[in-house]
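1. predicted model, plus sequence, below.
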Amino acid sequence: MTWYPAFEAAAEAAVNRLGPGHLRVLADRLGEGWPEQALRHAVPAPGFAEAAGAMLAAQRASGVPGVEAAAYLRGLAAGHAQRSAAVRIESVWSGPSTHPVPVRATAQVLVDLVAEARAELLLMTYSATKYPPLVSVLAAAVDRGVSVTVVVETLGGARGALNGAEPAAAFADVPGVQVWHWPVDQRVEDRAKMHAKIAVADRRVLLVSSANLTQSGVNRNIEAGLLVRGGTAPQRAAEHIAELQSRGLLTRLTPATQGGGR
């Protein structure tokens, strides 16, 4: 197969966004000669049409024949599926370290996870304050074309449990970051909180932690978490967030709404 770097880069972004299973469906339909509009909607999943459309546009621009493109995508999907099947789990801690028991520090793991994202990055946190190392790597991620979504609690949603600036303000210096929240009027219980603390890179790496995205959370407090590479957990977490967004349970925060929590 002739080398088509733009198409290969787009295919890699697609498998990171869609996962190997959905990419294999796209490859099969492409090999069967489906028209582009039908290909974009071959899988009724959030984000599929956009990711498939970008990959198909790169294929068209590069002049890659459909049969060759389908074969490449099948091989790419198979390789990612094999890699994803191998699950690695590490413990991650904030706070004081103990030399006899080496563990990875939350602050470094979080920065590394953001730095390795190439297509999609999802963060969820209850509280957030400006943490310069995180702001820096988020800006770099946006610059290289990563879609960055941060879901935060709001002062209104926390109902007095959070003080100071809105958590969303921690990301105000990073243009391109999409900030989302759980509107108060979408919460069945009055005291329900947006309390999740996770990070997902390219639907392949998942950090689940008790640490908020604050200086105290990632450095000073004793916080514990798990870093998961491979398996279905990272993709399922990303899919769950996407479904919450598509159902309107999570909505975008704009500068005009960040102060009210609704």
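-> Received the coordinates, thanks.

2. what residues sit buried inside the helix ranked longest in the chain?
-> For the chain, the longest helix by residue count, based on DSSP state H, is helix 66-85. Residues 66, 69, 70, 72, 73, 74, 76, 77, 80, 84 are the ones in helix 66-85 that count as buried (16 or more other C-beta atoms under 10 Å). Bear in mind the C-beta positions are built from the backbone N, C-alpha and C, glycine included.

3. what are the bridge partners for the nearest residue to residue 109 once chain neighbours are set aside, then?
-> Distance criterion C-beta to C-beta, 6 or more residues apart in numbering; nearest residue to residue 109, sequence neighbours excluded, is residue 92 at 5.0 Å. Beta bridges link residue 92 to residue 104, residue 225 when assigned by DSSP bridges.

4. got the contact list for residue 92?
-> By C-beta atoms under 8 Å, 6 or more residues apart in numbering, the contact set of residue 92 is 103, 104, 105, 106, 109, 207, 209, 224, 225, 226, 227.

5. try residue 121
-> 114, 138, 141, 146, 147, 148, 149, 199, 200, 201, 202.

6. ok, back up a step: can you flag the buried ones in the contacts of residue 92?
-> 106, 109, 207, 209, 225, 227.

7. in strands only, show me those residues.
-> 207, 209, 225, 227 (DSSP state E).

8. reformat the residues you listed as JSON lines; add pLDDT and distance to residue 153.
-> Below are these laid out as JSON lines (pLDDT from 0 to 100; distance: C-beta to C-beta, whole Å):
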{"residue": "207", "pLDDT": "97", "distance to residue 153": "18"}
{"residue": "209", "pLDDT": "97", "distance to residue 153": "16"}
{"residue": "225", "pLDDT": "96", "distance to residue 153": "18"}
{"residue": "227", "pLDDT": "96", "distance to residue 153": "23"}
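
9. return the member of those residues nearest to residue 163.
-> residue 209 (22.1 Å; C-beta to C-beta).

10. please tell me I have it right and the closest one contacts residue 196.
-> No: using C-beta atoms under 8 Å, residue 209 is not in contact with residue 196; the gap is 10.0 Å.

11. all helices for the protein, in order.
-> 5-18, 20-31, 36-40, 48-62, 66-85, 106-116, 132-143, 155-158, 215, 233-246.

12. residue 41: neighbouring residues, count only.
-> As a burial measure, residue 41 scores 14 neighbours (other C-beta atoms under 10 Å).

13. from residue 147, how far off is residue 25?
-> 21 Å (C-beta to C-beta, to the nearest Å).

14. give me the domain ranges for the protein.
-> Annotated domains of the chain cover 5-85, 88-252 [automatic domain parsing].

15. weakest of the ones you listed in terms of mean pLDDT?
-> For the domains of the chain, mean pLDDT drops lowest on domain 5-85, to a mean of 89.
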